[in-house]
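A.B. asks: Prediction below, plus the sequence it came from.
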Amino acid sequence: MPPITLLRPLHNLEQTPLDVALEPTALDMRLLTHRISAGFPSPATDYMEDGLDLNDYLVRNKPATFLFTVKGDSMIGASIEADDKVVVDRARTPKHGDIVVAVVDGEYTLKRLYKRPPRVELHAENPAYSPIVFRDGNELVVWGVVVGMVRRYNAKG
């Protein structure tokens, strides 16, 4: 199986992570203990909990965590769409089936990782895109593992 390199320094890349401070600012939102129904409505005012800090919820390793803005439609089958923000942890070891940020031909790409000895593959979650196959002798650079996603609805309204 080809080697998978993690945390290798990257140079001369056109795309860069979104510059977002993940540290001191806490966004504390109220969290309801009651799970929301996608079917029939349910009153939830009696189920208030302390709160939810999105940094604490999405970020496990602050120095190794970055946000990327998604472009394109290759991951729509995984419900990741253009303009979504993916939370990427560079310290996490990539496993079979993880969604990863990889570097292919000097470009960042967002794909699902498949380890199928003797090869490793990166798959889009859209049948319009072919898998990228790495065999022995090829090196795959995995920049980090996607651990979360943020999407705004009605951002223009």
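C.D. replies: Thanks, I have it.
A.B. asks: per-residue confidence averaged over stretch 64-77?
C.D. replies: In this model, stretch 64-77 carries a mean pLDDT of 93.
A.B. asks: Pull up the distance across it, start to finish.
C.D. replies: The first and final residues of stretch 64-77 sit 27 Å from each other (C-alpha to C-alpha, to the nearest Å).
A.B. asks: ok, and what's touching that stretch?
C.D. replies: Applying C-beta atoms under 8 Å, 6 or more residues apart in numbering, the contact partners of stretch 64-77 are 15, 17-18, 20, 22, 58-59, 80-92, 99, 101, 108-111, 124-129, 144, 147, 150. Backbone N, C-alpha and C define where each C-beta goes, glycine included.
A.B. asks: mind running it again at 7 Å?
C.D. replies: Here stretch 64-77 makes contact (C-beta atoms under 7 Å, 6 or more residues apart in numbering) with 17-18, 20, 22, 59, 80-91, 101, 110, 124-126, 129, 144.
A.B. asks: For ChimeraX, write the selection for the buried entries among the residues you listed.
C.D. replies: In ChimeraX, a selection of the buried entries from the contacts of stretch 64-77 looks like this (16 or more other C-beta atoms under 10 Å):
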select :17,59,80,84,85,86,87,88,89,90,101,110,124,125,144
